[in-house]
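Student: this is a predicted model, with the sequence first.
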Amino acid sequence: MQHLLSERRLTLGELAKQQGVSVSTVWRWTMRGVRHVRLESLSIGGRRHTTAEAFERFVITSQKERAPGPVVRTGHGAESERDHDEAERFLTSEGI
């Protein structure tokens, strides 16, 4: 956090505006993070700040933590079962 003090500070709102995301999204990056990586921030006078450099480190590090390979979505419960049944009916009607 020491380097945050020497870098040009931005409020979370300023960063959100720069990046075209909501302030809630930037707040979530600082509190919960993405892929176990949190956006560095500090509170000054009751306002939370970060820096452009901290955001750059956050993006680079969170991309490194990305799981290799494609993301596979799996269905759950009745919806998945309905989709499966519908696919089977279609394949049967097509003679496959």
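Tutor: In hand now; what should we look at? Here the structure is a predicted model, which is why all the values come from computation and not from measurement.

Student: what's the neighbour count on Glu40?
Tutor: 19 (other Cβ atoms under 10 Å). Using the backbone N, CA and C atoms, a C-beta is placed for each residue, glycine as well.

Student: pLDDT of the lengthiest strand in the chain, averaged?
Tutor: Ranked by residue count and defined by DSSP state E, the top strand of the chain is strand 47-51. Across strand 47-51, the average pLDDT comes to 93.

Student: count of residues packed around Val12?
Tutor: One correction, residue 12 is Leu, not Val. 20.

Student: any idea how far the helix or strand hosting Thr92 is from the middle of the chain?
Tutor: Using DSSP states H and E, Thr92 maps to helix 77-93. Computed by Cα atoms, centre = their mean, to the nearest Å, the separation of helix 77-93 from the middle of its chain amounts to 32 Å.

Student: again with stretch 4-12
Tutor: Taking the mean of its C-alpha atoms, stretch 4-12 sits 21 Å from the chain's own mean (Cα atoms, centre = their mean).

Student: what mean pLDDT does that stretch get?
Tutor: 87.

Student: for it, buried residues please.
Tutor: Buried residues in stretch 4-12, counted by 16 or more other Cβ atoms under 10 Å: Leu4, Arg9, Leu10, Thr11, Leu12.

Student: neighbours around the spatially closest residue to the last one that is not a sequence neighbour, how many?
Tutor: Beyond its immediate neighbours in the sequence, the residue positioned closest to Leu12 (Cβ to Cβ, 6 or more residues apart in numbering) is Val26, lying 4.5 Å away. Using other Cβ under 10 Å, Val26 is surrounded by 25 other residues.

Student: and what of Trp29?
Tutor: Neighbour count of Trp29, defined by other Cβ under 10 Å: 25.

Student: ok, now how distant is the closest residue in space to His49 that isn't next to it in sequence from Trp29?
Tutor: In space, and not counting its chain neighbours, His49 is closest to Arg9: 4.3 Å by Cβ to Cβ, 6+ apart. To Trp29, Arg9 is 16 Å away according to Cβ to Cβ, to the nearest Å.

Student: cool, and Ala54?
Tutor: Going from Ala54 to Trp29 by Cβ to Cβ gives 10 Å.
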